[in-house]
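*Asks:* what follows is a predicted structure for the sequence shown.
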Amino acid sequence: MLGAMREARPSERDVGPDATASLPAFDPAWAVFLDVDGTLLEFGERPAAVTIRPGLLTTLDVLRRRIPLALISGRAISDLDRLFAPLRLPAAGQHGAERRSRGGRIHTANVPGAGLAGARRRLAAWARAYPRIALEDKGLSLAMHYRGAPELAAEARRAAHDELARLGGDYVLGVGQMVVEIRPKGWDKGRAVMEFMGEPPFAGRVPVVVGDDVTDEDGFAAANRLGGQSIKVGAGATVARWRLAGVTQVLAWLDRYARWLEPPPAGG
């Protein structure tokens with residue numbers, strides 16, 4: 001259960017060009033958990049309409065070779081692999097309903113799929129009437145993105161809520177930035193962080209969770225409980241201890257961390 005969400009302290013509002021200077025000092029004992037959309041990538045109108053900034057894959061490759069690093073996302077793991085190829089990182093997809101450990105083992109939520117098949121069919125039919133609504137089928141969960149039609153937010157939430165009522169107690173409704181989704185009950189980013197921290201090479205390290213959305217608050221709370229660091233990206237109430245303004249600042253901070261861990265050759 002999350003503690004009361006709060007606005008950032010004045011020091012956390014330091015979100016200017018060099019906001020990274022106000023964050024805690026880099027520590028090689030960290031284990032870093034990164035959200036994707038809104039944190040590493042700018043949002044697209046649809047999940048497929050995103051681009052990766054040149055250099056990001058190199059930065060992530062440096063980091064993952066020097067410290068434990070995992071992606072914690074609402075996207076499916078297969079989608080993360082497509083986006084970040086050729087990297088194949090430890091990852092929690094669908095808000096933790098699926099998780100791939102450092103060794104490649106896949107852990108998946110055990111939920112009945114028959115009911116979700118009906119919801120998938122009905123929501124697909126509903127979305128066809130609204131071309132600017134994108135229905136994302138992640139396998140264990142369904143998400144309706146309305147970034148291209150924000151005026152349809154209430155209708156999208158109502159359609160998802162109607163399907164949730166048919167599914168019973170195995171699923172919950174999640175609401176994020178311009179998205180509403182049906183996902184397995186009992187799985188969230190906090191649980192994913194805790195599971196990673198219970199196994200090598202994450203165990204015994206200091207968790208650092210970076211994310212932008214309400215779905216990341218569980219991850220922040222987990223990091224806080226473990227004495228780690230939590231970094232909120234963007235505005236809004238949060239339990240996170242630190243804040244960065246947006247994707248540009250996150251990438252600058254990660255680049256700085258990568259250079260600190262693996263300085264360029266002299267004269268390079």
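*Replies:* That came in fine, so what should we check first? Residues are numbered from 1 along each chain as shown.

*Asks:* contacts and neighbour counts: CA atoms only from here.
*Replies:* Fine.

*Asks:* which stretches of the stretch 51-200 of the chain have low pLDDT?
*Replies:* Residues of the stretch 51-200 of the chain meeting the criterion pLDDT under 70: 112-114.

*Asks:* show me where it has helices.
*Replies:* 56-66, 77-84, 114-128, 153-167, 189-197 (DSSP state H, counting those that start in this stretch).

*Asks:* and those, which is most packed in?
*Replies:* Mean neighbour count (mean count of other C-alpha atoms under 10 Å) peaks for helix 189-197 among these, with a mean of 22.

*Asks:* what is that one packed up against?
*Replies:* Helix 189-197 sits against helix 217-225, with contacts defined as 3 or more C-alpha pairs under 8 Å, 6 or more residues apart in numbering; DSSP states H and E.

*Asks:* for the helix it packs on, give me every contacting residue.
*Replies:* The contact list for helix 217-225 (C-alpha atoms under 8 Å, 6 or more residues apart in numbering) reads 2-3, 188-194, 207-210, 229-231, 238-240.

*Asks:* quick one: residues contacting the closest residue to residue 149 other than its chain neighbours.
*Replies:* Leaving aside its sequence neighbours, residue 149 sits nearest to residue 132 (C-alpha to C-alpha, 6 or more residues apart in numbering; 5.7 Å). With contact taken as C-alpha under 8 Å, 6+ apart, residue 132 is in contact with 146, 148, 149.

*Asks:* only the buried subset of those residues, as a ChimeraX command please.
*Replies:* Applying 16 or more other C-alpha atoms under 10 Å to those, the buried members can be selected in ChimeraX as follows:
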select :146,149
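
*Asks:* partner strands of the helix or strand hosting residue 208 and their direction?
*Replies:* According to DSSP states H and E, residue 208 maps onto strand 206-211. Under the criterion DSSP bridges, strand 206-211 sits next to strand 30-34 (parallel), strand 229-233 (parallel) in its sheet.

*Asks:* show me how far that strand is from its chain's centre.
*Replies:* Its chain's average C-alpha position is 11 Å from that of strand 206-211, according to C-alpha atoms, centre = their mean, to the nearest Å.

*Asks:* now it - C-alpha only, CSV.
*Replies:* The C-alpha trace of strand 206-211 is given here as CSV (Å, rounded to 0.1, in the frame of the first residue of the first chain):
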residue,chain,number,x,y,z
VAL,A,206,20.8,-0.2,-3.5
PRO,A,207,17.8,0.0,-5.8
VAL,A,208,17.3,3.2,-7.9
VAL,A,209,13.9,3.4,-9.6
VAL,A,210,13.2,6.1,-12.3
GLY,A,211,9.7,6.6,-13.8
